[in-house]
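Visitor: Just a sequence and a predicted model for now, questions to come.
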Amino acid sequence: MPHHLPDPQSEAAWESYVEDFRRSAHDSVEWIAQYLINIRHMPVQSRIRPGQLVDALPAEAPNHGESFSAILSDFQRQILPAVTQWNHPGFMAYFGTSASTPGILAEMLIAAMNTNGLHWQTSPAVAELEQVALGWLRQWLGLPKEFFGIIYDTASTSTMHALICAREKAEPQSRQDGMRAGLVIYTSEQAHSSVEKGAMAVGFGQNHVRKVPTDALFRMKPDALRALIEADLNAGLRPCAIVATIGTTSSTSVDPVAECAALAEEFKLWLHVDCAYAGPCALLPECAHHFKGIERADSVVTNPHKWLMTQMDCSTFYTRHPQILRQALSLVPEYLRASEDPRAVHLMDYGVPLGHRFRSLKLWFILRYFGRDGVMEFLRRHIALAQKFAAWVDADKRFERVAPVPFSTVCFRLRQRQGESREQSDERNKRLLEKVNQSPKIFLSHTALNGRYVIRIAIGNIATGEQDIELAWKLVQEAAE
Ligand SMILES: Cc1ncc(COP(=O)(O)O)c(C=O)c1O
């Protein structure tokens, strides 16, 4: 057969095309199940050299269609070794994620239907299930009913949309005339780089992003925030938005959101809260204090594709002012004109992208499959493992823990020795991490805190258990010079 393209005129040809898929799909589901069962025994990090995969694959696409079996066999032989396994229980770098099984199933169905929710009519299910699933998650986050939710690809995109809203509120004519210089964003020096990147993309400019100093526990200092806002006002600039973080990327520190909210209200600024990683913990009564004030935010982002067992990509953005988001971004050419029924939500009106994937289906599957109890246990398990790891660090005099552990991430380093320079001490920590990461079973990452090299272990995978953190700690101890 020169190719597999079915003849649309022939029912038999269409059926044979689908049957070809059915046979291979069964094999693929078998493969996925075996992959998940054996994931612990696979190397967590890919060891290929840069360019190795590119060099190994043909530089040109095939002229003639190939069989599923040939493609799947090359996937296993050539692609898989180049994959770093984020599903691995020993993946404790960055922020861990997991592809849970209900999410895998939902992604298959999403891919099969390939429906695209531009506006309500192009797929009512996309528009309406997103409201339902995000309504459930909104309640878990403790956000009031008036918050509208939408799914974007990443937290970076969500935060960029928050900044678009902030600009729209401060300067409604910017949509027509472009933005005037001088609007200023305030965020902590520990905030994720996506805040600054969003400010670059939206037109605030890096020079108009103030990095507010933090205290000894890496939390934004409200006094310093006030001083910066007042200084900018005195200089004739226009303070526009505060971005606070619950669970910063380096140390998972928690900004004082209630105090930020008070300042935002006093100076009429937009308050965006980034809880991309820690958001799901709002469900836990013992974590409620970290989320105090979130209900006063103008917008919030959390990423189910981080600590809520959801596969990439799924970032949920909430705002209490959907009309501002819409004002900023709705632009409807004639061919997209659709129902004016107020219950027909057109997702294209609430974001830069026109096309809208059916991501809510996987979130809905996951929230239903695990339920509130399951999610709470999942989070508590990881918090308890992190506490255990932190206690091991604290009990070993060679190490110091450099930040509190409010969630499931521990930051630690080898103590600086007497007579050792800061650089030598940082180098020793770097070597330790390199040695640990030589193991195919564990992957940790690093960051900088107070200008020092710091090792980070972040627990967030559904498969991670006590044996994995025990192994990580054993490897860390063995690698300590
Ligand atoms: C607090 C925080 N915000 C935003 C991001 C960016 O996430 P994304 O990759 O979804 O853009 C991260 C990434 O780790 C993060 O930790």
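Guide: Done, it's in.

Visitor: near the ligand, which residues of the stretch 251-400 of the chain?
Guide: Neighbours of the ligand within the stretch 251-400 of the chain, by C-beta under 6 Å from any ligand atom: 274, 276-277, 303, 315. For every residue, glycine as well, the C-beta is placed using N, CA and C.

Visitor: Tell me where this protein has strands.
Guide: Taking DSSP state E, the strands of the chain run over residues 148-152, 183-188, 209-212, 238-245, 270-274, 299-302, 315-319, 399-401, 409-414, 445-449, 452-458.

Visitor: So for the helix ranked longest in the chain, what gets flagged as buried?
Guide: In the chain, with assignment by DSSP state H, the single longest helix is helix 359-395. Residues of helix 359-395 classed as buried: 359-367, 370, 375-376, 378-383, 385-386, 389-390, 392-393 (neighbour count, 16 or more other C-beta atoms under 10 Å).

Visitor: ok, now stretch 237-244?
Guide: So for stretch 237-244, counting by 16+ other C-beta under 10 Å, buried means 237, 239-244.

Visitor: do that stretch and the ligand meet?
Guide: No. Stretch 237-244 stays clear of the ligand (C-beta under 6 Å from any ligand atom), getting no nearer than 9.5 Å.

Visitor: Check stretch 143-157 too.
Guide: Yes. Using C-beta under 6 Å from any ligand atom, we find that stretch 143-157 touches the ligand at 154-156.

Visitor: mind exporting that stretch as PDB, just the C-alpha atoms?
Guide: Listed next in PDB are the C-alpha coordinates belonging to stretch 143-157 (Å, rounded to 0.1, in the frame of the first residue of the first chain):
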ATOM      1  CA  LEU A 143     -12.700  31.800  45.600                       C
ATOM      2  CA  PRO A 144     -16.100  33.500  45.700                       C
ATOM      3  CA  LYS A 145     -18.800  32.600  43.200                       C
ATOM      4  CA  GLU A 146     -18.200  35.700  41.000                       C
ATOM      5  CA  PHE A 147     -14.800  34.400  39.800                       C
ATOM      6  CA  PHE A 148     -14.900  33.300  36.200                       C
ATOM      7  CA  GLY A 149     -12.500  30.600  35.100                       C
ATOM      8  CA  ILE A 150     -10.800  29.800  31.900                       C
ATOM      9  CA  ILE A 151      -8.100  27.200  30.900                       C
ATOM     10  CA  TYR A 152      -4.900  28.400  29.200                       C
ATOM     11  CA  ASP A 153      -1.800  26.400  28.300                       C
ATOM     12  CA  THR A 154       0.600  27.500  31.100                       C
ATOM     13  CA  ALA A 155       0.800  29.800  34.100                       C
ATOM     14  CA  SER A 156       3.000  32.100  32.100                       C
ATOM     15  CA  THR A 157       0.100  32.700  29.700                       C
END
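
Visitor: Please shift the residue numbers so they start at 28 in all later answers.
Guide: Okay, residue one is now 28; in that scheme the one you just asked about reads as stretch 170-184.

Visitor: pLDDT on that stretch, on average?
Guide: Per-residue pLDDT over stretch 170-184 has a mean of 97.

Visitor: and which of the residues of the stretch 278-427 of the chain next to the ligand is nearest to the ligand?
Guide: The nearest member of these to the ligand, counting by C-beta to the nearest ligand atom, is Ala303 at 3.6 Å.

Visitor: Was I right to think the closest one contacts Pro331?
Guide: No. Assessed by C-beta atoms under 8 Å, Ala303 is found out of contact with Pro331, at 10.0 Å.

Visitor: Can you check which residues contact both of those two?
Guide: Applying C-beta atoms under 8 Å, 6 or more residues apart in numbering, one finds that Ala303 and Pro331 are jointly contacted by Ser342.

Visitor: what would the buried residues of stretch 264-271 look like in JSON lines with pLDDT and distance to Gly209?
Guide: Listed next are these as JSON lines, based on pLDDT from 0 to 100; distance: C-beta to C-beta, whole Å:
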{"residue": "Leu264", "pLDDT": "97", "distance to Gly209": "5"}
{"residue": "Pro266", "pLDDT": "98", "distance to Gly209": "10"}
{"residue": "Cys267", "pLDDT": "98", "distance to Gly209": "9"}
{"residue": "Ala268", "pLDDT": "98", "distance to Gly209": "13"}
{"residue": "Ile269", "pLDDT": "98", "distance to Gly209": "17"}
{"residue": "Val270", "pLDDT": "98", "distance to Gly209": "18"}
{"residue": "Ala271", "pLDDT": "98", "distance to Gly209": "22"}
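
Visitor: Counting neighbours, which of the residues of stretch 170-184 next to the ligand end up buried?
Guide: Neighbour counting over those (16+ other C-beta under 10 Å) leaves 181-183 as the buried ones.

Visitor: Present those residues as JSON lines; the columns should include distance to Ser127.
Guide: Formatted as JSON lines, those follow (distance: C-beta to C-beta, whole Å):
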{"residue": "Thr181", "distance to Ser127": "19"}
{"residue": "Ala182", "distance to Ser127": "19"}
{"residue": "Ser183", "distance to Ser127": "23"}
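
Visitor: Tell me which entries of these lie within helices.
Guide: Filtering those for helices - DSSP H - leaves 182-183.

Visitor: Relative to the ligand, how far out is the nearest residue to Phe95 once chain neighbours are set aside?
Guide: Of all residues not flanking Phe95 in the chain, Ser51 sits nearest, at 3.8 Å (C-beta to C-beta, 6 or more residues apart in numbering). Per C-beta to the nearest ligand atom, to the nearest Å, Ser51 is found 32 Å from the ligand.

Visitor: Correct me if wrong: Ser51 contacts Ser96.
Guide: Yes. Using C-beta under 8 Å, Ser51 is in contact with Ser96, at 7.1 Å.

Visitor: So for these two, which sits in the more crowded spot?
Guide: Comparing Ser51 with Ser96 by neighbour count (other C-beta atoms under 10 Å), the higher total belongs to Ser51, at 16 against 11.

Visitor: which ones are touching that one?
Guide: By C-beta under 8 Å, 6+ apart, the contact set of Ser51 is 95-96, 99.

Visitor: roughly how far apart are it and His91?
Guide: Note on Ser51: its distance to His91, by C-beta to C-beta, to the nearest Å, is 18 Å.

Visitor: Repeat that for Pro380.
Guide: For Pro380, the distance to His91 equals 35 Å [C-beta to C-beta].

Visitor: what's the answer for His332, then?
Guide: 37 Å.

Visitor: So which of those two has more stuff around it?
Guide: Using other C-beta under 10 Å as the criterion, His332 and His91 rank with His332 on top: 26 against 8.

Visitor: Hmm, the more buried one is touching Ser342, no?
Guide: Yes. In this structure, His332 is within contact of Ser342 by C-beta under 8 Å, at 6.7 Å.

Visitor: that older thread, okay if I get the strands of the chain as a markdown table plus distance to Thr124?
Guide: Shown next, in a markdown table, are the strands of the chain (distance: least, C-beta to C-beta, whole Å):
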| stretch | distance to Thr124 |
| --- | --- |
| strand 175-179 | 16 |
| strand 210-215 | 24 |
| strand 236-239 | 27 |
| strand 265-272 | 19 |
| strand 297-301 | 17 |
| strand 326-329 | 13 |
| strand 342-346 | 12 |
| strand 426-428 | 24 |
| strand 436-441 | 13 |
| strand 472-476 | 14 |
| strand 479-485 | 10 |
